[in-house]
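A structural model of the following input is requested.
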Amino acid sequence: MERFTVIAGPCVIENEDICFQVAEILKKLQEEYPEVRFVFKSSFDKANRSSHESFRGKGLDYGLKVLDNVKKKYGLPVLTDIHESYQAVPVSEVVDIIQIPAFLCRQTDLLLAAAKTGKEINVKKGQFLAPWDTKNIIEKLKFGGAKKFYLTERGVSFGYNNLVVDFRSLPIMRQFAPVIFDATHSVQLPGGQGKSSGGQREFVYPLAKAAVSVGIDGLFFETHPEPDKALSDGPNQVPLKEFPSIVKKLLTLREFLVENGF
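Residues are numbered from 1 along each chain as shown. Prediction:
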């Protein structure tokens, strides 16, 4: 990865205004930290919600329109995830980075479809996958022609409705590709609220600080102006008003570690 990267945005595209609010903050951070690459992220569909009654998003066409508007208005690279192979081409026409969701990280046809677009690809490591097994994911992407790709750690299933981060995974996965740490999904409690997931956002910063200390190539956050009113993943999203402070502290820590050879 050429520059340290911060990927952030609301979990799902609820409306354009929320996306613009987040993108505005990211734009200001980009101006303050030109050496860091800030990427706007949001999903047009959340296909793996706990319940069929949950809000999934407003669909591919609306989502891509919003992402395109964010890109044009704020000059930020954008990222979104795909769930089915046919989505790769239309998504690639708008986004800079295609993301493969954790539960789909081993789906060969999906990985190859994403690789074929020539776009950068970020693969979330499955909650069920050992870090050394991500080598096979990268080999699939290379076979498909992908040139730029990343692996994202987002916690491992640990008992019922809980995740844990094994920080050994970061240096292991970095043997195969640049590694991004997903600080917000790592504090998720999958299905913890019955028909939706819970979360412990108070642990986002401590885990991110630990990941930066171990050594990573980027950070991933979901952030929202009003997380408690968010239509998806509210409990683990960072309040937008707190987001800049968290990022600045983490970038300061990283700078100190790099400058002192840690």
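
Counting by contacts, list what the helix or strand of the chain with the lowest mean pLDDT packs against.
Sorted by mean pLDDT, DSSP states H and E, the helices and strands of the chain end with strand 198-199, the least confident at a mean of 74. For strand 198-199, the elements it packs on are strand 188-189, judged by 3 or more CB pairs under 8 Å, 6 or more residues apart in numbering; DSSP states H and E. All C-beta spots, glycine's among them, are computed from the backbone N, C-alpha and C.

quick check, distance from the strand it packs on to the centre of its chain.
Distance, stretch centre to chain centre, for strand 188-189: 15 Å (CA atoms, centre = their mean, to the nearest Å).

Can you give me every residue that contacts residue 250?
Residue 250 sits next to 205, 208, 209, 212, 219 when contact means CB atoms under 8 Å, 6 or more residues apart in numbering.

Check residue 136 too.
residue 106.

How far off centre is the helix or strand harbouring it?
Assigned by DSSP states H and E, residue 136 belongs to helix 134-143. Its chain's C-alpha centre and that of helix 134-143 lie 19 Å apart, by CA atoms, centre = their mean.

can you check stretch 79-99 too?
Centroid displacement of stretch 79-99 relative to its chain, using CA atoms, centre = their mean, is 14 Å.

try stretch 145-153
For stretch 145-153, the distance to the chain centre is 13 Å (CA atoms, centre = their mean).

Only the buried residues of that stretch, if you could.
By neighbour count on 16 or more other CB atoms under 10 Å, the buried set for stretch 145-153 is 146, 149, 150, 151, 152, 153.

same check, this time on stretch 14-26
Under 16+ other CB under 10 Å, the buried positions of stretch 14-26 are 14, 16, 18, 19, 20, 22, 23, 25, 26.

so the fifth one touches residue 71, yeah?
In this case it means residue 20. No: taking contacts as CB atoms under 8 Å, residue 20 lies outside contact range of residue 71: 11.8 Å.

before we move on, back to that, quick check: can you name the pairing partners of the least confident helix or strand of the chain and their directions?
Next to strand 198-199 in the sheet, as set by DSSP bridges, lie strand 188-189 (antiparallel).

Which residues does the strand it pairs with contact?
Strand 188-189 has contacts (CB under 8 Å, 6+ apart) with 155, 161, 162, 163, 197, 198, 199, 200, 233, 235, 236.

Among the buried residues of stretch 145-153, which lie within strands?
149, 150, 151, 152, 153 (DSSP state E).

For the last one, give its distance to residue 180.
Right, the one you point to is residue 153. According to CB to CB, to the nearest Å, residue 153 stands 7 Å off from residue 180.

same thing with the third one?
When CB to CB is the yardstick, residue 151 and residue 180 sit 7 Å from each other.

Pull up the overlap in contacts between those two.
Both residue 151 and residue 180 are contacted by residue 122, under the criterion CB under 8 Å, 6+ apart.

report the longest strand in this structure, please.
strand 218-224.

what packs against the next helix or strand after that strand?
Proceeding N to C from strand 218-224, the next assigned helix or strand is strand 238-239, under DSSP H and E. Where contact means 3+ CB pairs under 8 Å, 6+ apart, strand 238-239 is packed against strand 218-224.

try 7 Å
Applying 3 or more CB pairs under 7 Å, 6 or more residues apart in numbering; DSSP states H and E, we find strand 238-239 packed against no helix or strand.

before we move on, the earlier item: can you add neighbour count and give the contacts of residue 250 back as CSV?
As requested, these are exported to CSV (neighbours: other CB atoms under 10 Å):
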residue, neighbour count
205, 17
208, 26
209, 16
212, 21
219, 25
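
of those, closest to residue 176?
Set against residue 176, the nearest of those by CB to CB is residue 219 (18.9 Å).

Quick check: residue 227 touching residue 234?
Yes: the pair residue 227 and residue 234 qualifies as a contact (CB atoms under 7 Å) at a distance of 4.7 Å.

measure residue 107 to residue 114 for me?
For residue 107 relative to residue 114 (CB to CB), the value is 10 Å.

go on, residue 129?
17 Å.

who has more neighbours, the two?
residue 114 (32 against 18; other CB atoms under 10 Å).
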